[in-house]
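Asks: Just a sequence and a predicted model for now, questions to come.
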Amino acid sequence: MFNHPRHTRSRLALAIATAAVSVICTAADAENRKADTSFSVGEIIVTAKGMAGSTDYVLTSVDRLGGDVAQQADIDNVYELVGQMPGVQVTDFNQGTTNGKFSFRAFNGEGEINAVKLLLDGIPSNSNTGNMPYIDMIFPLNIETIEVVRGTSDARYGLHNIAGSANIITRTGDTYLDARLAAGSYDTFEAQLTGGYATGTFTQNYQFAYRESDGYRDHGGSDRFSLSGKWTYAMTENATIGAIARYYEADAEEPGYLTYADSRAAPRMTNAYNVSDGDARDMMQYAVTLDVGFSDNLDWSSLAYYNRLRDDRYVKFSAGASQQRRLTREDVWGVSSIVHFHGDLGAIPFMLEFGGNVEWQDNESLRWLAVERVPTSQTRDQQYDLNVGGVYIEAVFEPTDWLRITPAWRIDWVGGDFRNRLADTTAPINDYGSIDQPKLSVALTPTDDITLYANWGKTYQIGLGSGAYLIPPRQIDLEPSINEGWETGIKYAPGDRLELRVAWWEQTATGELKRKLNDPLGDFENVGATDRKGVDVQVNLALSDTLDIWGAVAWQKATINTPDPATPQYAGNTIDHTPRWLWSAGVSWQPMDKLVVELTGRAQSSYYLSNANAEGRFGDYAVLDAQLRYRLSDRYELGLSVKNITSTYYEYVWYDGAQSLHSPANGRNAMASVRARY
């Protein structure tokens, strides 16, 4: 293993980072310096959660968005908030409940390869295919922190954790009542209410949210409703049990995709053949948690959860295609448990963490051809179980005050069965075997202001939907695609005024797969061996007590090194829908105690529509947003936001094999709000 060229490069990166600072640290003047590779936007509230499973021990690029930023946001969907974070790409389909998603590390958001593990309060929340419908259950006013972990060195998660993870943490504890009403363009109205009540050993937190809008485009109306509760009970001083319950429903029209000519001539139009397109979606999520602190050195955290998804969609992609009815039913049960210990190994500070999780999925995917919502023939009737389990062990050694070494190992197993009820046939899961994922991270702190870090690790991708099973004519078990990545970076934070991080990374895959999104069987195609690389630069700067600026730029490249034998001409091509550049920046100015003015911008370069790189490039944009908040009193605040100030035309574009299809994004729009806190 250690003679592989990629391993050699990884070890070389770690060795260079170590050597670069070892001379600086010979004075051994550090005093319990803490390695910190995180980058924050907004105020981060540290809660009293236990040590087990904490991101504090993950030595890779970690980004956090504070609740003070999230709770004030005027957005259509929460994935837009994640898109404000450095190096994150947002794919905005703008098609009813199929609205969009976020991605990073040069993976796109098309739904073919979903490379981000989504968690809501630590609850795994991807659909079977890795998509993110459950993110819509969360509304901004109830967010405490959004935490994004990028790279391949985090051992806590297995399935879908190809390029990293994102955990949306909602408000917990305290006694408060927080309400926000907003109204604005496209006849949009939104009401959010959150509340908490804490009495001694028992806390309660609730969210109620409703949003309706006619949408920017014709036939783009939607109604969304979300209700949730969180309860915690301290059984003893060191043991807490908790429960989480969420319910969500949405009904939405779909404006459809436009031809190139129509998108330029009338971007707000819909096609006559999309008049009956739309979706009804219901979701539920329930969880029970248990956290026990046996001592100051030993901590245990466990979780059991159930996710339920019901989605009924009618969609017609182009004039020459048939309308489809797509019915999805998913039920997921899961448990996870983590034990954390830290102490001393001789004279060396030492941490050991052992964790594991199991998830059982019962999935149904049905499709019909239809005319104006009247089914004419059934094209899919599938039921498939997917069972995924994994364990990991991670250690942290600190042989000196300025050096932290974190080796880890994760192993996952996959099981399940597939049934094609149309043909009355069955198939077993591919024999993926044990999927080994070794990992190693190193961080050095030559001064209190500087953290140098490097990491290396493996993650995996398996086929999803019907692609996970040995379905004829395939007779050979498909192996998992192993992603191997490394990263090296530096964070410089000389005080409260400046925070700077630069990271260089690369990630390769042995045999990447992507879902055929419009395939009756739901099968996959082989992309081949791929290579992704990039550089991330991020900075926060407080110029004064009333003026803050932040900015981020990411360069990324995703290429096909060894293509599928059926498409040798793709060698060296760029993977579809991956822009080379992503930019974001913001300014927050408080000219008086009661007034805050914020200006934010985001941009990306263009992308190819397919791996053939033959249909032209689309999707570049630069958009500017503004927000004003005026505090009437300690309890009441008025807000005004204007998005896409310059009314720039931008869009999402895909290729259906014959033509490019376009979904224009929102033009200039405004929202006025009032917030009351008690």
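Replies: Nice, I can see it.
Asks: just the strands in the stretch 551-678 of the chain please.
Replies: Per DSSP state E, counting those that start in this stretch, the stretch 551-678 of the chain carries strands over the ranges 581-592, 595-604, 607-608, 617-618, 621-631, 636-643, 651-655, 660-664, 669-677.
Asks: State the number of residues packed around the spatially closest residue to Leu543 that is not a sequence neighbour.
Replies: Of all residues beyond its chain neighbours, the one nearest Leu543 is Ile549 (6.6 Å), with distances taken as Cβ to Cβ, 6 or more residues apart in numbering. Glycine gets a C-beta too; all of them are placed from N, C-alpha and C. By other Cβ atoms under 10 Å, the residues close to Ile549 number 15.
Asks: Would you mind pulling up the elements that the helix or strand where Ile549 lies packs against?
Replies: Assigned by DSSP states H and E, Ile549 belongs to strand 547-563. Using 3 or more Cβ pairs under 8 Å, 6 or more residues apart in numbering; DSSP states H and E, the elements in contact with strand 547-563 are strand 524-542, strand 581-592.
Asks: for the record, mean pLDDT for that strand?
Replies: The pLDDT scores in strand 547-563 average 96.
Asks: do the same with stretch 636-644
Replies: pLDDT averaged over stretch 636-644 gives 97.
Asks: Ok, stretch 256-272 next?
Replies: Computed over stretch 256-272, the average pLDDT equals 98.
Asks: any chance you could map the helices in this structure?
Replies: 5-22, 67-70, 79-82, 260-265 (DSSP state H).
Asks: Give me the distance from the second one to the chain's centre.
Replies: Spelled out, it's helix 67-70. Here the centre of helix 67-70 is set off from its chain's centre by 17 Å, with Cα atoms, centre = their mean, to the nearest Å.
Asks: That one: which residues count as buried?
Replies: 67, 69-70 (16 or more other Cβ atoms under 10 Å).
Asks: which stretches of this structure aren't confidently modelled?
Replies: 1-34, 41-50 (pLDDT under 70).
Asks: Next, the contact list for the residue nearest to Leu543, please.
Replies: Going by Cβ atoms under 8 Å, 6 or more residues apart in numbering, Ile549 touches 540-541, 543, 585-588.
Asks: Then Asp279?
Replies: Contacts of Asp279 by Cβ under 8 Å, 6+ apart are 96-98, 250-252, 254, 311-315.
Asks: got a markdown table for those residues, with distance to Gly109 and neighbour count too?
Replies: Output for the contacts of Asp279, formatted as a markdown table (distance: Cβ to Cβ, whole Å; neighbours: other Cβ atoms under 10 Å):
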| residue | distance to Gly109 | neighbour count |
| --- | --- | --- |
| Gly96 | 16 | 26 |
| Thr97 | 15 | 22 |
| Thr98 | 11 | 19 |
| Ala250 | 19 | 22 |
| Asp251 | 23 | 18 |
| Ala252 | 19 | 23 |
| Glu254 | 18 | 29 |
| Asp311 | 18 | 19 |
| Asp312 | 23 | 17 |
| Arg313 | 18 | 21 |
| Tyr314 | 23 | 23 |
| Val315 | 18 | 22 |
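Asks: Just send the strands of the stretch 551-678 of the chain back as CSV, with mean neighbour count too.
Replies: Converted to CSV, the strands of the stretch 551-678 of the chain look like this (neighbours: other Cβ atoms under 10 Å):
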stretch, mean neighbour count
strand 581-592, 16
strand 595-604, 17
strand 607-608, 21
strand 617-618, 16
strand 621-631, 16
strand 636-643, 18
strand 651-655, 21
strand 660-664, 21
strand 669-677, 17
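Asks: For Glu359, which of the ones you listed is the nearest?
Replies: Evaluated over the strands of the stretch 551-678 of the chain, closeness to Glu359 peaks at strand 651-655, with 30.4 Å, by Cβ to Cβ.
Asks: For that closest one, name the packing helices and strands.
Replies: strand 88-95, strand 660-664.
Asks: That strand pairs with which strands, parallel or anti?
Replies: strand 660-664 (antiparallel) (DSSP bridges).
Asks: Residues touching the partner strand, excluding its own?
Replies: By Cβ under 8 Å, 6+ apart, strand 660-664 touches 92-95, 216-217, 255, 257-260, 262-263, 267-268, 317-318, 609, 615-616, 618, 649-655.
Asks: Report the distance from that strand to the chain centre.
Replies: 24 Å.
Asks: in the longest strand seen in the chain, what's buried?
Replies: Ranked by number of residues, the top strand in the chain under DSSP state E is strand 374-400. Under the neighbour-count criterion of 16+ other Cβ under 10 Å, strand 374-400 has 379-384, 386-392, 394-398, 400 buried.
Asks: Let me know how buried Leu517 is, in neighbour terms.
Replies: 12.
Asks: So it is in contact with Gly111, correct?
Replies: Yes - between Leu517 and Gly111 there is a contact at 6.0 Å, judged by Cβ atoms under 8 Å.
Asks: got a list of what Asp385 touches?
Replies: 360-363, 415-417.
Asks: what about the residue lying closest to it once chain neighbours are set aside, neighbour count?
Replies: Among residues not flanking Asp385 along the chain, Gly416 sits closest, at 4.3 Å (Cβ to Cβ, 6+ apart). Gly416: 19 surrounding residues under other Cβ under 10 Å.
Asks: So Gly416 is in contact with Asn387, correct?
Replies: Yes - assessed by Cβ under 8 Å, Gly416 is found in contact with Asn387 at 5.3 Å.
Asks: shared neighbours, the two?
Replies: Gln361.
Asks: Fine by me, we can end here.
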